[in-house]
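*Asks:* Here's my sequence, what's the structure:
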Amino acid sequence: MTYLKISIATIALNFALLHNVSAATINSFSDWGITSTGVTTSAAGVYSHTEDQTGNYLSPGYGGQDYDAEGIYATWDSNYLYVGVMTGRAPTASGWSAGDIAFDFGSDKSYEYGLITTDHSGSYPAAAGIGSPGELFQVSQWNYGIWDQAGNHVGYGSSAADTDHPTSVAAGSAVANAVKNNSFSYQALGSSSQYGAGGQSYFISAAIDLNTFGGASFLDDGLSLHWAATCNNDWIQLDIPAQSVPEPSTLALLSLGLFGIIAARRKTSTKV
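*Replies:* Numbers count the residues shown, from 1 in each chain. Below you'll find the model as predicted:
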């Protein structure tokens, strides 16, 4: 006799991942579907926010293409959260280095995790933080930039710095095996890039194990992703809303339907 066994937890998992059932697994830059004429994406299931600029003033700071935060992207499947950042900041640039990707679960500016992006080779290594490229940290302290919330220059380490925009991990604990092997990349897109206005662009990306964030429930309260160079001359943020899960009454109706299927299968099953 054959029985159909489907748990309510399985139903909930499928509903939680419903938004991204059409999203392809990200294995390379081309999988993000970013157009050759800009920084937007046409890929199904990818959340993104873009704001490519061409002038020297970036808000709150200056620096033009070298510090431009151009796009930020995210999608997921049943195993991994895929994140990407497009920027004009080189991974080995002098001056203020590229910052780390900050993860804010609940979108309440708590920024619980940070993905390290560089080896701190800039001119201000203290501001560049800790860790090695491709490591994920559970963060206890962030570095911030050289601007306050009103856009006034306050210098590195000032207590008046804008804390809404973290730049790099200052302290925390590395999370073992969180980032998928060989998935971290800080890729140059060509010496005269077709992506991003004003010159060379780079793409930072990684795949992170969803178990790090609690598995299928990782988006119960929404998620914000944030990136800036360590000076915070320009920043970019992507807000992903909480994912809908079925109401208890919906689950009850689904379970009744499944029990009906099970009963029907039992009646038609043949003993061998």
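*Asks:* for the protein, what are the low-confidence residue spans?
*Replies:* Scanning the chain for pLDDT under 70 picks out the ranges 1-24, 36-37, 191-194, 196-198, 244-272.
*Asks:* What ranges does it have for its strands?
*Replies:* Taking DSSP state E as the criterion, the chain contains strands spanning 47-50, 69-76, 80-87, 101-105, 113-115, 136-143, 168-174, 185-188, 202-209, 223-228, 235-240.
*Asks:* Who are the packing partners of the shortest one?
*Replies:* Contacts defined by 3 or more CB pairs under 8 Å, 6 or more residues apart in numbering; DSSP states H and E place strand 113-115 against strand 101-105, strand 136-143, strand 168-174. Bear in mind the C-beta positions are built from the backbone N, C-alpha and C, glycine included.
*Asks:* Could you do the second one as well?
*Replies:* The criterion is 3+ CB pairs under 8 Å, 6+ apart, and the helices and strands that strand 69-76 contacts are strand 47-50, strand 80-87, strand 223-228, strand 235-240.
*Asks:* Which one of those strands lies nearest to Ala176?
*Replies:* When these are compared by CB to CB, strand 80-87 sits nearest Ala176, at 16.0 Å.
*Asks:* Partner strands of that closest one and their direction?
*Replies:* Strand 80-87 has the following strand partners under DSSP bridges: strand 69-76 (antiparallel), strand 202-209 (antiparallel).
*Asks:* Out of those strands, flag the one nearest Asp148.
*Replies:* strand 69-76 (18.5 Å).
*Asks:* Need the CA coordinates for the closest one. CSV is fine.
*Replies:* Taking Å, rounded to 0.1, in the frame of the first residue of the first chain, the C-alpha atoms of strand 69-76 are listed here in CSV:
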residue,chain,number,x,y,z
ALA,A,69,27.8,52.6,-5.6
GLU,A,70,25.9,51.6,-8.7
GLY,A,71,23.7,48.6,-8.0
ILE,A,72,22.9,46.0,-5.4
TYR,A,73,21.1,42.7,-6.1
ALA,A,74,19.8,39.6,-4.3
THR,A,75,18.0,36.4,-5.0
TRP,A,76,17.8,32.9,-3.4
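*Asks:* Just want the angle from it to strand 223-228.
*Replies:* Going by axes from the mean of the first three to the mean of the last three CA atoms, to 10 degrees, strand 69-76 is angled at 150 degrees with respect to strand 223-228.
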